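Novice: Structure of the sequence below:
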Amino acid sequence: MTQKNNTHKQVSQEELCAPENLIALVKKIKQWGLELGFQAIGITDTDLTIAEQRFNVWLEQQMHGSMEYMSRHGTKRTRPAELEQGTLSIISVRMDYFPEDPELAIGLLEKAEQGYIARYSLGRDYHKVVRKRLQTLAKKLEQEIGAFGYRVFTDSAPVLEKPLAEKAGIGWIGKHSNVLQEKTGSWFFLGEIFTNLPLPIDTPAVNHCGNCTKCIDVCPTQAIVEPYVVDSRRCISYLTIESHQAIPVELRPLMGNRIYGCDDCQLFCPWNRFSQQTVESDYFARGDLASPQLIDLFLWSESEFLKQTEGTAIRRIGHESWLRNIAVALGNCLAKPNTTETAQKTAIIDALNKQLGHPSELVKEHVIWALAQQQ
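Specialist: Numbers count the residues shown, from 1 in each chain. Okay, the predicted model is just below:
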């Protein structure tokens, strides 16, 4: 756990741990967080006993697919004090990211010749944005009380972010496994500061999903196998981002034009009717990524891919997976004779044929499949 010397205000342990002082400190932390661009800040303890049980069952059922890192760290993922020795409380934060009118995103799903990219990845890589703000928040706290132990995270280590956010009152975990807030929906990133401060904790969020099953019903690949349980092996986000293997043939037609991630379970969630567009310019869509032409993206060389996706989360999947994903989307476009003009179909076929000589067997296999879809 990071611990820095500080030349600013030093507070004695006894003075700091007085209940009234801790309450006042949390109030300041939340105010500073809002000033830094977070939309909500909550505090929780390190007890994830219930979440640990559910997580272990999920692993036992092999629903993490090829994401072996999910089981690599033993109990450190579910026991924060083992991951960072001395952790007593966790500051959980939320930062909204949705960059546009949700109706535009929904409409894009029907445009087979264009690619759908998960909205969280259209702008700057959130890891960098959230982590920098968290570090600033921790420094602000350090200036207030002196040296203390802490470490910041945002989807960057074995941390169960969603259960922590739920316990911290940020929102509840919905049936799609994303965190929801009743006034703003689910379009937000999470981040944490693990700290050795004995901060007073917030009241956990209350689940408001009720009898709604919209997210389960609209999932293109039926990856939400039961409420609150997602089988990654069927999830389009996993298939297009986490997995670097061949996409199962039976799932390819179900992917439509989704080439990087999938937002359906959020796009159609009733709670997201309350969501608002982000004011964070870092999350605004770059270039034409919000509604790109599949052919244009498919013809990018590796150097063009790296240049066009520089600074975004998209870049991490690599050019090979990028071409694999787009080949599937182009095949699905060819399979829709009533929605694709003859000239456009010809252009798609030409683009696919140009990649038949690609050195990657993975890419070629998906290109051959795509060409076989033409009607």
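Novice: Please, where are all the strands along this structure?
Specialist: Taking DSSP state E, the strands of the chain run over residues 2-3, 40-44, 89-96, 116-117, 149-153, 172-173, 179-180, 188-195, 224-226, 229-230, 258-260.
Novice: contacting residues around Asp217?
Specialist: Residues near Asp217 by C-beta atoms under 8 Å, 6 or more residues apart in numbering: none. C-beta: built from backbone N, CA, C; applies to glycine.
Novice: Skipping its backbone neighbours, what lies nearest Pro227 in space?
Specialist: Spatial nearest neighbour of Pro227, chain neighbours left out: Lys175 (4.2 Å); criterion: C-beta to C-beta, 6 or more residues apart in numbering.
Novice: re earlier: for the strands of the chain, please prepare JSON lines with the additional fields mean neighbour count, distance to Ala313 and mean pLDDT.
Specialist: JSON lines is the format used below for those (neighbours: other C-beta atoms under 10 Å; distance: least, C-beta to C-beta, whole Å; pLDDT from 0 to 100):
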{"stretch": "strand 2-3", "mean neighbour count": "14", "distance to Ala313": "25", "mean pLDDT": "54"}
{"stretch": "strand 40-44", "mean neighbour count": "24", "distance to Ala313": "22", "mean pLDDT": "98"}
{"stretch": "strand 89-96", "mean neighbour count": "26", "distance to Ala313": "14", "mean pLDDT": "98"}
{"stretch": "strand 116-117", "mean neighbour count": "28", "distance to Ala313": "10", "mean pLDDT": "98"}
{"stretch": "strand 149-153", "mean neighbour count": "22", "distance to Ala313": "16", "mean pLDDT": "96"}
{"stretch": "strand 172-173", "mean neighbour count": "20", "distance to Ala313": "22", "mean pLDDT": "98"}
{"stretch": "strand 179-180", "mean neighbour count": "24", "distance to Ala313": "18", "mean pLDDT": "98"}
{"stretch": "strand 188-195", "mean neighbour count": "25", "distance to Ala313": "11", "mean pLDDT": "98"}
{"stretch": "strand 224-226", "mean neighbour count": "16", "distance to Ala313": "23", "mean pLDDT": "98"}
{"stretch": "strand 229-230", "mean neighbour count": "20", "distance to Ala313": "19", "mean pLDDT": "98"}
{"stretch": "strand 258-260", "mean neighbour count": "27", "distance to Ala313": "9", "mean pLDDT": "98"}
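Novice: For His127, find the nearest of those.
Specialist: Across the strands of the chain, His127 has its closest neighbour in strand 188-195 (8.9 Å, C-beta to C-beta).
Novice: Could you list the alpha-carbon positions for that closest one in PDB?
Specialist: Extracted C-alpha coordinates of strand 188-195, given in PDB (Å, rounded to 0.1, in the frame of the first residue of the first chain):
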ATOM      1  CA  PHE A 188     -20.700   4.800 -15.700                       C
ATOM      2  CA  PHE A 189     -17.200   3.700 -14.800                       C
ATOM      3  CA  LEU A 190     -16.100   2.600 -11.300                       C
ATOM      4  CA  GLY A 191     -12.900   3.200  -9.400                       C
ATOM      5  CA  GLU A 192     -11.600   2.600  -5.900                       C
ATOM      6  CA  ILE A 193      -9.100   3.900  -3.400                       C
ATOM      7  CA  PHE A 194      -8.100   1.200  -0.900                       C
ATOM      8  CA  THR A 195      -7.100   2.900   2.300                       C
END
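Novice: same for that strand, what does it pack against?
Specialist: Counting contacts by 3 or more C-beta pairs under 8 Å, 6 or more residues apart in numbering; DSSP states H and E, strand 188-195 packs against strand 89-96, helix 126-145, strand 149-153, helix 161-167.
Novice: Check the offset of it from the chain's centre.
Specialist: Its chain's C-alpha centre and that of strand 188-195 lie 13 Å apart, by C-alpha atoms, centre = their mean, to the nearest Å.
Novice: what do you get for stretch 301-308?
Specialist: How far stretch 301-308 lies from its chain's middle: 23 Å, per C-alpha atoms, centre = their mean.
Novice: how about low-confidence regions in this structure?
Specialist: Per-residue confidence for the chain (pLDDT under 70) gives these ranges: 1-14, 338-340.
Novice: Quickly list the domain ranges of it.
Specialist: Under the assignment automatic domain parsing, the domains of the chain span 2-99+120-195, 214-371.
Novice: Quick one: closest of these to Glu110.
Specialist: Nearest of the domains of the chain to Glu110, taken as C-beta to C-beta: domain 214-371 at 8.3 Å.
Novice: rewinding a little: let me have the domains of the chain in JSON lines, adding distance to Pro204 as columns.
Specialist: What follows is the domains of the chain, written out as JSON lines (distance: least, C-beta to C-beta, whole Å):
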{"stretch": "domain 2-99+120-195", "distance to Pro204": "5"}
{"stretch": "domain 214-371", "distance to Pro204": "15"}
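Novice: mind checking which of those domains is nearest Leu108?
Specialist: Smallest distance to Leu108 across the domains of the chain (C-beta to C-beta): 5.6 Å, for domain 214-371.
Novice: What's the end-to-end length of that closest one?
Specialist: Start-to-end span of domain 214-371 (C-alpha to C-alpha, to the nearest Å) is 34 Å.
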